[in-house]
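# Fold the stuff below for me.
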Amino acid sequence: MRTDESLGRWPRPADVGVPLVVAGVQLSGTWLLAEDGAVPLDGARWPLVAGSIVLAAAALVWRRKAPVPVLVAAISLSALAIVAAGSADTAVSGIADGVALYSVAVHRGRRHAILGCLAAYAVAFAVYLPYARGPGDLFSNEFLDGVLYLGIAAFGQLRRQREAARSGLRARLADIERESRAAAEAERERLAREVHDIAGHHLSAVAVHAGAAARRADSELVAQALAVAAETGREVLRSLSGLVDVVAPRAGHGGLKELLPPLCQGLNRLGVPVLLRVEGRARRLPAEVTTTAYRTVQESLTNAMRYAAGAEVRVCVRYAPRAVRLTIENDAVAARAAVPALGGGRGIRGMRERAAGLGGVLTAGPTAAGGWSVAAHLPSGPRHRRGWPEILDAVAVAFCAFLPLLGFVPPDPLVTGRPAAELGLIGAALTIRAVPLWWRRHAPRAALALIISTDAALAVAWGLWSRDLLGLLVLGGAAELVAVYSLACYGPSGPRTWPAALAAPLPWGLGLGFLLVADHEVAADGPTPVAFAFGLVTAVVCTAPLTLAAWTLGVTTAARSRRWGESALDAVSARAGDAVQAERDRVAAGLNGTVLNHTVRLVAVAESGLAGTEGDAHEAVGAAAELARAALTEMRALLDAWEKT
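Numbering: from 1, shown residues only. Okay, the predicted model is just below:
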């Protein structure tokens, strides 16, 4: 078994594997370029270039332990390799230094990521400057370099944030047992308080009243005592049984759509009119939000049952964008002008703390009509802070907008001989088509649909009137790939979004179809519709693997990040809910075997005495007093046992 010390001394396989791949790609790519004559690697140039490549790749072995020095080494050695080669057309720039920059962004904070990005870009700019083939070439190359390094830094910082979030979830999972015990203890205290309030007062009144009646030979007083005992006993049975029934559903096992109706129906059966209304499109919420919403409704209904018995209660669940809103409101009690204060306020305080823990807010107080209202706003999505995600969106828009514009840039432009005004309109159209990628995370379906529609319209327009422009859509194909990835990663349907990967190649198919039509028109060797259909099908079949690969990457990314967090939160909520339910089951078992049993007998004795003779009534009232005292004794024993647990 390796110790922590040995782990710190020896690199991990991944630490070595990446440098080997980087070195292999750079060496082979540079050698092929040299064989093709693009890079003059004659004489002593090749050993110097190869040595710089190998050293830069070797430095990456320590990229996790010392990312900043490794970045400095990678930037310097990559620049040396380009200078030694005498040409910027090598497979060197942006590879080793890009990996090193990513490591800095992952293992260091925002400041280091930004400084590393600026340093890498400054060196790349200075090295390329002597080899630039005009201002257009310099601008396009350095623009893409800037987008590349900024994108790498953004990806690294997002990876750092995801790892921090996972660490927080792991710490949360480590506290499951403590939270479960705390939740069980809080539930035990709440149930004990309810049992004491419900049974203690009522049974004490029965014991005192029935005991006093038993000591006096007053038939009318005895009858009244028995009637009170029977009615009070039934009230205790309804309240204690209702207490167990109302708290039975398990929060954390299902959504609000499944949890709230049984809760409200349970109170309806107990004579408390509850109206449940759901507004907006119901959706699956994070486990902690579901649990907090359920507990808020449950506590509010319990308070309404205790302090506003008989008053109508209205529960409204409103699904809003990135949040769920709850309103629980009861009417005024008929015998009072206003609802009294809720005990010591611990229930309200607990609900407020739960809501605040999610970044939400809860308010509670009397209504103008004399009732009581609880309102909660619970965020159902991650707390949004502008930062690296928006930077990455901007990088995606800039890259996909600028890439097709390379067709205008000397020294090898794809489009020539057109007026400046026309080129400006074409460039504006190519730029605007990438703008929907700004909403690729929040509205991925709409972003992909707009890009496909725009590119299809451009393909048809240029295919009919300016077929030399169709090559620009090929350069702009990255926009479709980014949009398909975003839909798979951020879309609501998950794996069911695969048809988008087959729809994305449509503009390329239209473009190739029009090009084949042009060739057939020149050669006059076949029907034009057949050529168009062949080009359309061929392009879709040939490019679908690319879009499917982007879709697969998006689905995989979503599965590794978002769903892991949801499953971890589900586990936390389920474990806490199981502990609470076990405590409820224990309390219910204790009540059924003791207090409820004595109370049932008390009701039966009182009803029997009322139905019998005067002698039966005198005997029954004494028995009722004894049963009430026995129930109280058992209740106190239960409360003492729960307190010692």
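
# Next, count neighbours for the closest residue to residue 16 other than its chain neighbours.
If the residues on either side of it in the chain are set aside, residue 16 comes closest to residue 61, at 6.0 Å by Cβ to Cβ, 6 or more residues apart in numbering. C-betas here are computed from N, CA, C, even on glycine. Neighbourhood size, residue 61 [other Cβ atoms under 10 Å]: 17.

# before we move on, what about residue 464?
Using other Cβ under 10 Å: residue 464 sits among 10 other residues.

# Report all helices and strands that the helix or strand harbouring it contacts.
Assigned by DSSP states H and E, residue 464 belongs to helix 444-465. Packing partners of helix 444-465 (3 or more Cβ pairs under 8 Å, 6 or more residues apart in numbering; DSSP states H and E): helix 470-475, helix 478-490, helix 499-503, helix 506-523.

# Comparing those, which comes out most buried?
helix 478-490 (a mean of 25; mean count of other Cβ atoms under 10 Å).

# For it, list the C-alpha coordinates in PDB.
Output of helix 478-490 as PDB, limited to C-alpha atoms (Å, rounded to 0.1, in the frame of the first residue of the first chain):
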ATOM      1  CA  ALA A 478     -18.300  25.100 -34.800                       C
ATOM      2  CA  ALA A 479     -21.400  27.000 -33.800                       C
ATOM      3  CA  GLU A 480     -23.600  23.900 -34.500                       C
ATOM      4  CA  LEU A 481     -21.300  21.700 -32.500                       C
ATOM      5  CA  VAL A 482     -21.200  24.100 -29.500                       C
ATOM      6  CA  ALA A 483     -25.000  24.400 -29.600                       C
ATOM      7  CA  VAL A 484     -25.500  20.600 -29.700                       C
ATOM      8  CA  TYR A 485     -23.100  20.100 -26.800                       C
ATOM      9  CA  SER A 486     -24.900  22.800 -24.800                       C
ATOM     10  CA  LEU A 487     -28.300  21.200 -25.400                       C
ATOM     11  CA  ALA A 488     -27.100  17.800 -24.300                       C
ATOM     12  CA  CYS A 489     -25.400  19.300 -21.200                       C
ATOM     13  CA  TYR A 490     -27.900  21.900 -20.100                       C
END
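
# Quick one: mean pLDDT over stretch 539-553.
Across stretch 539-553, the average pLDDT comes to 88.

# do stretch 599-610 as well
Per-residue scores along stretch 599-610 average to 82.

# Check stretch 265-279 too.
pLDDT averaged over stretch 265-279 gives 78.

# now stretch 636-645
72.

# ok, now stretch 454-462?
So the average pLDDT for stretch 454-462 ends up being 89.

# Now do that stretch: everything it contacts.
Stretch 454-462 is contacted from outside by 429, 432-433, 469-470, 473, 476, 479-480, 506-508, 510-511, 514, using Cβ atoms under 8 Å, 6 or more residues apart in numbering.

# Farthest pair within these?
432 and 514 (21.7 Å; Cβ to Cβ).

# So for stretch 74-88, mean pLDDT?
Computed over stretch 74-88, the average pLDDT equals 87.

# Over to stretch 147-158?
93.

# do the same with stretch 219-233
Per-residue scores along stretch 219-233 average to 82.

# got a list of contacts for it?
202-203, 205-206, 209-210, 212-214, 216, 599-600, 602-603, 606-607, 609-610, 614, 617-618, 620-621, 624, 628.
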